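> This is a predicted model, with the sequence first.
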Amino acid sequence: MDSEYIQFIRYKLQKRLKRLNTSDHQSFRFTMAQVWSFLQQNELTKGILDDLELRSQNLENFGDETLSGNPQVGTTESENDSICYWVCKKCATSENDHYSTIGFNLNQGGNLNDGIEAFRITYLEPLFDYIDEHLDDKRMILALLRKFKHRCEWFRRKDLFDAFTKETSRGEGNLASRLYEYLHDQGVQFQVEPQSASGRIDLISNQTGRDRLVADAKLFNPERGQDKGYIIKGFRQIYDYTRDFNEPFGYLVIFKLCEQDLSIPTQHQESSVPFITHNNKTIFLLVIDIFDYQKQSASKRGKLQAHEITPEQFVKSLDEPIPGAQPPERTSFGPSPD
C-alpha cells in the first residue's frame, strides 16, 4: 500500500460521507448500515476502528447512555473520538432509529431532518475525521519509507552493498542503522530495540499515543541462509510486535542483497508496497534492492530468477505455535475494497 492507494480509500470515504450527508430521515438508517458495512469490509478502516474500540472499552457505557436519551460528548478529543465510535456503531447495527431520538435530544426539538443533521455533526463527522487522520498518518510513514527505498536504490546502492560486504557479521544492524538515521532526519522520534513480550523489536517510535511506528529490518540473502524462511520469520516477529504493543500497523523493511528477485504477490496489485492483513493487523513489506549488479545493463543480466513468498505462506507461519503461547486465530483473505 502506498500514498496513492490510501488516497483511493480516502476518496471512497468522502463519497460515503456525502451519501450520509444527503440522506433524509427516510433513507438515513439504511444508508448508515451500508456505510458501516463498507468500513468493516475494508481492512484499513476496520483496523483503525477495531484499534479504537480496543482502546475505548471503558467508554462503551457512554454510547449506551446516548442511545437511552442522554447524549454524551467527550471532554477531550480522544475521549470524544471513542464516544462517537460507540454511538455510531450501536446506531448502525441496530434495527431501531436511535439516531432520530439522539438528534431530537441534541436539537431540543425540531423536525426529523434537523435531528439527523445534529446527529451527523456531533457523532458521524468526528468519527470520519478520526479515520481520515489515521489514514494520513499511515500515508506519511509509507511515503517516508518509499523515499528511503528510492534513496537507497538510486543513490546509495554501491555504498550500502560495500558496507555490508566489508562487515557481513554486522550487516543487518549496519543497514538498519541507515534506516534509523534517515527516519531521525525526517523528524520521527523513536527508540531502538526496546523489550517486548515476543523478544526485541528493532524500532518503535517514542510516541505514547495511537500512532506509534512499529518497524523491523531483515536481510534477504539466500546464499548466507537469509532466505524465504528468514523473511517469513521476520514477518511473524513484526506481527507479534504489533500485538505486544497493541498497534494495528507494522512495517517490515527487507534489504535484498542477492541478484535473484524477491516477489511478494499480494492480492492488492494496485499497491506498490505489498501488505498483508491478519486478525486486523496490517503488515507492510518494503523490499529495498541494494545488490551491486556487475552488469549494469539489464539486457545483459540474463533471465532473472525470482524467489516468491505468497500471503498464504506468511499467514501459515502465524498458525505455528510459539512455546508457552496461545496459537493465533485463523484468518481469511477478504475481497479487495470496493
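Noted; the coordinates are in hand.
> Report the contact partners of residue 116.
The contact partners of residue 116, taken as C-beta atoms under 8 Å, 6 or more residues apart in numbering, are 23, 24, 25, 28, 99, 100, 103. The C-beta positions use only the backbone N, C-alpha and C, and glycine is treated the same way.
> One more pass at 10 Å, please.
20-21, 23-25, 28-29, 32, 97, 99-100, 102-104, 107, 124 (C-beta atoms under 10 Å, 6 or more residues apart in numbering).
> Flag every buried residue along the helix or strand containing it.
Element membership for residue 116, per DSSP states H and E: helix 112-119. The neighbour-count check on helix 112-119 (16 or more other C-beta atoms under 10 Å) flags 112, 115, 116, 118, 119 as buried.
> Let me know the secondary structure of the nearest residue in space to residue 249 that is not next to it in sequence.
Nearest non-adjacent residue to residue 249, counting by C-beta to C-beta, 6 or more residues apart in numbering: residue 282, 5.2 Å away. Using DSSP: H, G, I helix; E, B strand; the rest coil, the structure places residue 282 in strand.
> Residue 79: neighbouring residues, count only.
15 (other C-beta atoms under 10 Å).
> Verify the contact between it and residue 52 for me.
No - look at residue 79 against residue 52 with C-beta atoms under 10 Å: they stay out of range, at 11.7 Å.
> mind checking pLDDT for the residue nearest to residue 249?
Residue 282 is assigned 84 on the pLDDT scale.
> And the helix holding residue 116, how far out from the chain middle?
The chain centre lies 33 Å from the centre of helix 112-119; the measure is C-alpha atoms, centre = their mean, to the nearest Å.
> Repeat that for stretch 176-189.
Relative to its parent chain, stretch 176-189 has a centroid offset of 20 Å by C-alpha atoms, centre = their mean.
> For that stretch, C-alpha coordinates in PDB please.
What follows is stretch 176-189, C-alpha atoms only, in PDB (Å, rounded to 0.1, in the frame of the first residue of the first chain):
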ATOM      1  CA  ALA A 176      19.100  -1.000   9.900                       C
ATOM      2  CA  SER A 177      21.100   1.900  11.400                       C
ATOM      3  CA  ARG A 178      20.900   3.700   8.000                       C
ATOM      4  CA  LEU A 179      17.100   3.400   8.200                       C
ATOM      5  CA  TYR A 180      17.100   4.800  11.800                       C
ATOM      6  CA  GLU A 181      19.300   7.700  10.700                       C
ATOM      7  CA  TYR A 182      17.000   8.600   7.800                       C
ATOM      8  CA  LEU A 183      13.900   8.500   9.900                       C
ATOM      9  CA  HIS A 184      15.500  10.600  12.600                       C
ATOM     10  CA  ASP A 185      16.500  13.200  10.000                       C
ATOM     11  CA  GLN A 186      12.800  13.200   8.900                       C
ATOM     12  CA  GLY A 187      11.700  14.100  12.400                       C
ATOM     13  CA  VAL A 188      10.500  10.700  13.600                       C
ATOM     14  CA  GLN A 189      11.300  10.200  17.300                       C
END
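> Just the helices from the protein, written as ranges.
3-21, 28-41, 43-55, 60-67, 77-92, 98-107, 112-119, 125-155, 157-166, 171-185, 228-244, 311-319 (DSSP state H).
> So for this protein, the centremost residue is which one?
For the chain, the residue nearest the mean C-alpha position is residue 249 (3.8 Å; C-alpha atoms, centre = their mean).
> Wait, it touches residue 242, no?
Yes - using C-beta under 10 Å, residue 249 makes contact with residue 242 at a distance of 7.0 Å.
> Name the residues contacting each of those two.
47, 51, 214, 281, 282, 283.
> out of everything not next to it in sequence, what's closest to the last one?
Leaving out its chain neighbours, the residue that sits closest to residue 283 by C-beta to C-beta, 6+ apart is residue 250, at 4.8 Å.
> could you measure that neighbour against residue 102, distance?
According to C-beta to C-beta, to the nearest Å, residue 250 and residue 102 sit 37 Å apart.
> Could you give the number of residues near the residue nearest to residue 283?
26.
> where does it land on pLDDT?
What the model reports as pLDDT for residue 250 is 88.
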